[in-house]
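A.B. asks: Quick check, what structure comes out for this input:
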Amino acid sequence: MAVAHSLLVVIYHVLKDQSEHRELCANFLDRLHPQKVAHYHLRRLQELGYTVTIQSQAVA
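C.D. replies: Alright, predicted model coming up:
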C-alpha cells in the first residue's frame, strides 16, 4: 500500500508541475545532512566497543 501511495504522489507532482521525474541518488540524504550521518556512525562504532576520534579533513 505504501508503494502505491508513493507512486501516486510522484505522478501527482509530475502532472501538476508538468515536469519530468528526477530520481534522487542513493546518497542524497547523506549529502544533505553529513554531520548527522557522521554522528550516527560514530555512535554505532562506540556501541560496538570502539574508541573513535574524528578529525575534519583539510579543504584544499
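
A.B. asks: and C25, what element?
C.D. replies: Counting by DSSP states H and E, no helix or strand carries C25.

A.B. asks: whoops, L45 was the one
C.D. replies: Under the criterion of DSSP H and E, L45 resides in helix 34-47.

A.B. asks: again, but for E20
C.D. replies: Per DSSP H and E: E20 is located in neither a helix nor a strand.

A.B. asks: pLDDT averaged over the longest helix seen in the chain - what is it?
C.D. replies: In the chain, assigned by DSSP state H, the helix with the most residues is helix 2-17. Regarding helix 2-17, the rounded mean pLDDT is 90.

A.B. asks: before we move on, what about stretch 33-48?
C.D. replies: Stretch 33-48 shows a mean pLDDT of 93.

A.B. asks: gap between it and the chain center?
C.D. replies: Using C-alpha atoms, centre = their mean, to the nearest Å, the mean C-alpha position of stretch 33-48 is found 14 Å from that of the whole chain.

A.B. asks: So which bits of that stretch are buried?
C.D. replies: By neighbour count with 16 or more other C-beta atoms under 10 Å, stretch 33-48 contains no buried residues. (C-beta placed from N, C-alpha, C; glycine too.)

A.B. asks: List of residues touching it?
C.D. replies: Defining contact as C-beta atoms under 8 Å, 6 or more residues apart in numbering, one finds that stretch 33-48 is touched by L29, D30, V52, I54.

A.B. asks: C-alpha coordinates for that stretch, CSV please?
C.D. replies: C-alpha atoms of stretch 33-48 as CSV (Å, rounded to 0.1, in the frame of the first residue of the first chain):
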residue,chain,number,x,y,z
HIS,A,33,23.0,16.1,6.4
PRO,A,34,26.6,14.9,6.5
GLN,A,35,27.0,15.8,10.2
LYS,A,36,24.0,13.6,11.2
VAL,A,37,25.4,10.7,9.2
ALA,A,38,28.9,11.1,10.9
HIS,A,39,27.3,11.3,14.3
TYR,A,40,25.2,8.2,13.7
HIS,A,41,28.2,6.1,12.6
LEU,A,42,30.3,7.4,15.4
ARG,A,43,27.7,6.4,17.9
ARG,A,44,27.3,2.9,16.3
LEU,A,45,31.1,2.3,16.5
GLN,A,46,31.1,3.4,20.1
GLU,A,47,28.3,1.0,20.8
LEU,A,48,30.3,-1.8,19.3
